[in-house]
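Participant: For reference, the sequence and a predicted model appear below.
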Amino acid sequence: MEPTGLAFLGAGIGAGIAIIGGGVGIGLLANGALQGISRQPQAAATIQTAMLIAAALIEGIAFLALVICFLLAIKT
């Protein structure tokens, strides 16, 4: 197998793992936030704000990993 083919394979696997990790992270975040809101409805605004900020950071990391995978595929 050629090195270019392995680079594309590695980039595809890395991109898939990055997206799956981001999805799992946001799912766990939403789970915790919804449980917190159900236990303390008066704190819903604070919990929702913190959840949105954390979700944006998780998406940013997943997007960065995706870009790095694509750059590694293009490099070869």
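Facilitator: In hand now; what should we look at? Residues are numbered from 1 along each chain as shown.
Participant: what's the neighbour count on A11?
Facilitator: Applying other C-beta atoms under 10 Å, we find 20 residues neighbouring A11. Every residue, glycine included, has its C-beta placed from N, CA and C.
Participant: pLDDT weak spots in this protein?
Facilitator: 76 (pLDDT under 70).
Participant: Geometric centre of it: which residue is closest?
Facilitator: The centroid of the chain falls nearest to G22 when counting by C-alpha atoms, centre = their mean (1.9 Å).
Participant: Now for that one: which residues touch it?
Facilitator: Contacts for G22 (C-beta atoms under 8 Å, 6 or more residues apart in numbering) come out as 58-59, 61-62, 65.
Participant: Check those residues against I17 and report the nearest one.
Facilitator: Of all the contacts of G22, I17 sits closest to A65, with 8.1 Å by C-beta to C-beta.
Participant: how deep is that closest one tucked in, by neighbour count?
Facilitator: Residues near A65, counting by other C-beta under 10 Å, number 17.
Participant: how much space is there between the spatially closest residue to it that is not a sequence neighbour and R39?
Facilitator: Excluding the flanking residues, the one nearest A65 by C-beta to C-beta, 6 or more residues apart in numbering is A18, at 3.5 Å. Distance of A18 to R39, computed by C-beta to C-beta, to the nearest Å: 32 Å.
Participant: Counting neighbours, go ahead and name the busier of these two.
Facilitator: Neighbours per residue (other C-beta under 10 Å) separate A18 from R39, with A18 holding more: 19 against 9.
Participant: Assign that one to helix, strand or coil.
Facilitator: Three-state assignment for A18 (DSSP: H, G, I helix; E, B strand; the rest coil): helix.
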